[in-house]
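1. predicted model and sequence follow; I will ask about them next.
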Amino acid sequence: MNGYLEQTMRKTLTPLLALLIAAPALRADEGMWTFDNLPVAKMKQKYGFAPDQAWLDHVRLSAVRFPGGSGSFVSADGLVLTNHHVGHNWIERVSDSTHDYVGNGFVAATREQEIKVPGLELNTLISMENVTEALAKAAPEGAGEAAAAKARQEALAGLLKAARERTGLQCEPVVLYQGGETWIYAYKVHKDVRLVLAPEYGIAAFGKEWDNFSWPRFCLDFSLFRVYEDGKPYKPQHHLAWAPKGPAYGDMTFIVGHPGRTSRLETLAQMEATRDVFGPLGVRTLDRTRKVLHAYATRGAEPARQVSAMLMGVENGYKVTVNELVGLRDRESMAEVARAETELRAAVDKDPALKALAGSSWDKVAAATARRARFAKEDAILGSLRSRMLEFALGLARLEAETALPADKRASEYRTEADITRRKARLKGMVPGDAVLEQAFLESGFNASLQDLGPSHPLTAALLGGKAPAEAASLLLSGTRLKDAAFRASLLDDPKALKDSRDPMLVLARSLAALQAPMRAEREEIQAVIAEHGARIAQARFKVRGRSVYPDATFTLRLSYGAVETYPSAGTLAPPFTTFAGLYDRADAWGPEAEDHSWELPKRWVDARGSLDLRTHFNFISSNDIIGGNSGSPVIDRQGRLIGLVFDGNIESNAGRFFFDPKVNRSLSVDASGILAAIDKVYGASRLVLEITSK
Amino acid sequence: MKNRLPLLALAAALAAGSALRADEGMWTFDNLPLQKMKAAYGFAPDQAWLDHVRLSAIHFGGGSGSFISADGLVLTNHHVGRGSVQALSDRLKKDFIKDGFLAATRDQELKVPGLELRTLVSMENVTERVAKAVKAGLSEAAAQKARAEELARIQKEVREKTGLSPDVVRLYQGGEIWIYAYKKHTDVRLVMAPEMGVAFFGGDPDNFTYPRHNLDFTLFRVYEDGKPYHPAHHLTWTSKGIKAGELTFVVGHPGSTERLATYAQMINAGEFAIPRRVKASERMRDSLVAYGKLSPENRRQVNSLIFGLENGIKASTGYVSGLRNKEAMARIRKAEEELKAKVAADPASDAKDSWKAIEKALEAQKALFEESQFANARTGGMLGSSLLGQALTLVRLADEAGLPSDKRLEEYRDANLENVKRRLLTERAFFPGLEIHQFAFGLQEASSGKAPAYIKAVLGGRTPEAAAKAAVEGSKLMDPAVRKALIEGGKAAVDASTDPMIKLARLIDAPNREYRKKAEAISAVLAEHGSRIAKARFKAYGKTVYPDATLTLRLSYGPVAGYPANGTLIQPFTTFGGMYDRAAGWGPEAENGAWALPKRWIEKRSMLDMDTPFVFAHAVDIIGGNSGSPVIDTKGELVGLIFDGNIESLPGHFFYDGKVNRGISVDARAILEAMDKVYDAKELVKEIRGK
């Protein structure tokens, strides 16, 4: 329990209620709320319940931040629950050639067998301090913009240092409302974290990429770690009690975790540009890339293995982009975005100070976005040239061009000696891909340029030199010596060798760099306008709406609320729960071979079938507003108990980057009772069952 | 105003030979794409196979079925047999719909009154013979008469020669005329029906969707001379079932498609006509829902009305999503351009201006919709009121009777008069509160926007509610005896009537006739030019394409296959495990018990093999009317039973999209496992297995 939070809460609670009532624009269950500012009245009105301070402190102090994800303490002995896909890298890290804990799973039969994970650090949010006013006071009256910024920066550094010294905790600045508020969040850091249990990848990600983002699902996407201190299990002050049963249909659900990033404050013009220009181009580019990779993968088992991780990433990106577009094309939702924007602009126009600040900002963002869209195609083509050799050559050409300039004329990331060393090191680490794949990527990119920009466009001309795509690509690849590691090293280390080199790949890279230079300057200019006026709009919005709205996601602790609730999908209503019976249904229906073993059950699960109660709830959906980063968040009931574990959103939730659509946006969670049954019946880890369920 | 036009152009579209998509088509048995099948699947059926499945197939009212035992056992869907099961329940004061039915012995099989099944025994192409009957130089009307007489002659010959009942079948919008001769079966008995709860598991929400878990089958038996009938052919039940990727055939009776509609007609349907109908249905549903909230009795009165509307809305939404599929529409447009080019190059074609004529007619139709609110306010009656509908019929019956038959509105001509009177005299459930509510809603709809003068006259300055209340409460027309007296009293009686509904009917009679005249003129243009395009298409492409569905026997083919939807790949099969998953995932109470299992299925759970394949999806081109069709493997054995299509199959009314359009079938293995383990129907299982 700490003073800052208490203070804040006391100060804001009363005015907050008034604000909430005045903010009708927020939709049901929308919002990733900070702990100092929860829509208590709204919750109460809809669900007849709102958590009290003790409840909030309890769940906050039980929550854990993983690198890139979330988790929670679930026992008095420091047991931590998160997703398998959050723990995946770490499970891989403690595996070796004879122990494939990702593929085969891992169960520590005793505490001694728990495996320390090198490098894994977990954080618990202990306190939050609002330093907005202190920073505002830091800038002397009448100081210029630059001087004021500097003063604020110094003041923040001072506050951070003081907080660190006072608390002994890791303190981080958190900027909310695009600068409307600045906070210092203080975390307890746990550095001795050990792997306790991981199910097999085949059950954790049952349905693989196919089922990713979809519902109904059947994923045992959890893993267990334990925090140690001084070589002994850590005793957290707070941990979540495991509810004896998961939620029932209609039950209220809370999710406490770390949503990573949202773009909900983008203007309508930006969203429309994404919908009409950038998004479709992105889909096109990703589609070209996945076609190249799929074609390559069909060449054999080894090529398939080489590109499997890349393919997974590309497929995931493709699915996300396609479905963000589906959301942006929803007329009703976009009308809502437009309505909210019109309302805000009207409020800004009414207030002279706000008008001076942001009155013209929407138009400026729109104009800059339109300018940006003009070379979106060129950007997309360059993005689709995934040849590693060309990437290397481009990096080299850029390095060559920047270092030819005096330091103060260079781009900011090339100014110091350290910058240059870092660049070179990165280039040194780049290894050319398989020749067939290099050829395929170049050919695909060249074709794209020919199709999308036409033969006479300078970019196409530079890429093809008047030849056909296949020919141009194979000429480049047969002519270049960049395959040779020694040659690459000589170019990096010897400026003269670089200057004299007429390697065809480097020649192409130089001409691309020359073509890009003016575009780069313009892009930076545009980016600056968008950043500046985006921030002004955010400030204006904060002035008008204040804390009646929630800030965009910042990978810091938030609470969202909702209920187990169906949604219309594929012509029917989506079932609120799946069960183990459904898991076996899907496995039986597809068989183990289909779609590269996407729905194949691990052996343990085939063997345990008879011992499981197939009616046990396995996964469920709820109407909470979440986003990437929330993975591994606990789902909590009114009593503050753990009833589930967030692991994904449905396909419709992809639009959540831009807006929350309560009709169809759903969180996907593993049911707490499903996890417990699996630990007990499939993994035979009764010691963990006892630990988790002990009062 | 749903026009049953012979709509043509699209086949043209599809037609372009090469444009036919994988596994597309509802093919007639005389014209199967055998080469294409062979090329795609390394298999094409031979004549013996085809005769066998055709003679095993059954025309089951609006659906399909098949013989599955040497003793005349017939398999169809529960939802095809439901009317019969309901009729028997009513007669015997039982609830076989809810509780299911199983005849433990043959003596217990229940004869279904009035049920008639048919088997297609022979098909004869009489196109040329009919053409020859028309002597050169005859007028169009005389030619028409000559053709009709020749057809009647042929039918008579067939009837006398074979004892079969011959139907005239017009394929390719009249491009071919066939005589299909059927054997009729009139002694049909109910053998077994599962509970509605498992036959229609998932209820209305799951209707038209997949993955599904429905034991949607019923068994009947055909008798002849009081004994089980021994059909010459019946389908053998599979011993091994079907696997993903394996070829299936569907033999049944697809009811109606409009794949020949022009591009303009499809755009009109997708952007205007259907969305407009959906909006009207949604308003009406909301109004009924509000009425239903007033009391449980109110809710009971409107339950099935709401279901009907919901179903229609869902189907329409499916159509619209298909008609907005850019890729499919581009294909249709391209094929249409191709046909147009052929027509332009053919000096003899009379279809050159037909596309334009159709576009113009559609514009006129739109304008008419805007000008008249009649179409907004239909619910079987007039302006939402069944009494007003009956009143209008009474008024017109009296007036029209005074005219010579051929001058009357069509439904009042001599041949149809008895039907009109019978309908008027039928006794129907009548709920005054609902009638007032519906009428008020209809008046509200009709008077929103620019209310036409006659609507203002009907309202007479009152609110819709007040006007509706006065008319319904003042009327006696809900009493069949009152209607009978008015029919018998003729024009004098109707003219003398002071019933408020009769008075209102007089106000709307003339404007309604005017509207109808305009609408019929538009329909005539659409029909005429539609048939010209069809003729042109048949001339250009002949029988390389299949004809639109005509509720006659067809064959479709394609493999068991999943499809991309909902962000993933949808599983090709479901299992019993999936049904128990849904039941446990929803619980028995949710959505009016849509996923509640019948008691027997809860109790027998542990007896069942959970991994038994239950329902599968396959890439076959089917449509309403195919319900109950047998699904057959390359060996000619029965592997499944069609009962629905997925939501993506709805646009199949207009075009076939092989990527996502799927037929949904009950797996033969699930039917047998259920009969054996859940229903304990050992004798039937033995009979079906042929052992």
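-> Looks like it came in fine. Numbering: from 1, shown residues only, chains lettered A, B, ... in the order given.

2. quick check: residues of the stretch 551-691 of chain B near chain A?
-> Taking CB under 8 Å from any CB of the partner chain as the criterion, the stretch 551-691 of chain B approaches chain A at residues B:565-569, B:571-575, B:577-578, B:580-582, B:584-587, B:590-591, B:595, B:610-611, B:613, B:646-647. C-beta: built from backbone N, CA, C; applies to glycine.

3. by proximity to chain B, which residue of the stretch 1-150 of chain A wins?
-> A:H85 (16.7 Å; CB to the nearest CB).

4. and that residue, how many neighbours?
-> Look at A:H85: counted by other CB atoms under 10 Å in any protein chain shown, it has 22 neighbours.

5. and it, what does it touch?
-> Residues touching A:H85, when contacts are defined by CB atoms under 8 Å, 6 or more residues apart in numbering or on different chains, comprise A:A204, A:A205, A:D221, A:S631, A:F647.

6. got it, and B:P547?
-> Shown in contact with B:P547 (CB under 8 Å, 6+ apart): B:A11, B:T28, B:L171, B:Y172, B:Q173, B:G175, B:E176.

7. ok, and the most crowded of those?
-> B:A11 (27 neighbours).

8. state the distance from A:S622 to B:L73.
-> Here the criterion is CB to CB, to the nearest Å. By it, A:S622 lies 49 Å from B:L73.

9. ditto for A:L81
-> Distance of A:L81 to B:L73, given as CB to CB: 56 Å.

10. tell me which of these two has more neighbours.
-> When neighbours are counted by other CB under 10 Å, A:L81 and B:L73 differ, and A:L81 comes out ahead with 30 against 22.

11. tell me which element the more buried one is part of?
-> Under the criterion DSSP states H and E, the helix or strand holding A:L81 is strand A:79-82.

12. return the residue of chain A that is most distant from the centre.
-> Computed with CA atoms, centre = their mean, the maximum C-alpha offset from the centroid of chain A is found at A:D500, amounting to 43.4 Å.

13. could I get the pLDDT score of that one?
-> Reading off the confidence values, A:D500 has pLDDT 92.

14. one more: the one 3 residues further on?
-> pLDDT, the model's per-residue confidence, is 95 for A:D503.

15. and for it, the neighbour number?
-> Number of residues near A:D503 (other CB under 10 Å) recorded here: 20.

16. what's near enough to touch it?
-> With contact set as CB under 8 Å, 6+ apart, A:D503 has these partners: A:A393, A:G479, A:T480, A:R481, A:L482.

17. is the first one in a helix, a strand, or coil?
-> Read it as A:A393. helix (DSSP: H, G, I helix; E, B strand; the rest coil).

18. look up how far A:L498 lies from the residue lying closest to it once chain neighbours are set aside.
-> Distances taken as CB to CB, 6 or more residues apart in numbering or on different chains place A:A509 nearest to A:A393, at 3.6 Å, with adjacent residues excluded. Taken as CB to CB, the spacing of A:A509 relative to A:L498 amounts to 11 Å.

19. how many other residues sit next to B:E338?
-> 18.

20. sorry, back to before: between the contacts of B:P547, which is nearest chain A?
-> B:A11 (27.3 Å).

21. quick one, what contacts B:L486?
-> Residues near B:L486 by CB under 8 Å, 6+ apart: B:L394, B:A398, B:A493, B:V494, B:S497, B:I502.

22. give me phi/psi at the third one?
-> With angles defined as degrees, to the nearest 10, B:A493 sits at phi -70, psi -40.

23. swap in the fourth one?
-> Its backbone dihedrals place B:V494 at phi -60, psi -40, with angles given as degrees, to the nearest 10.
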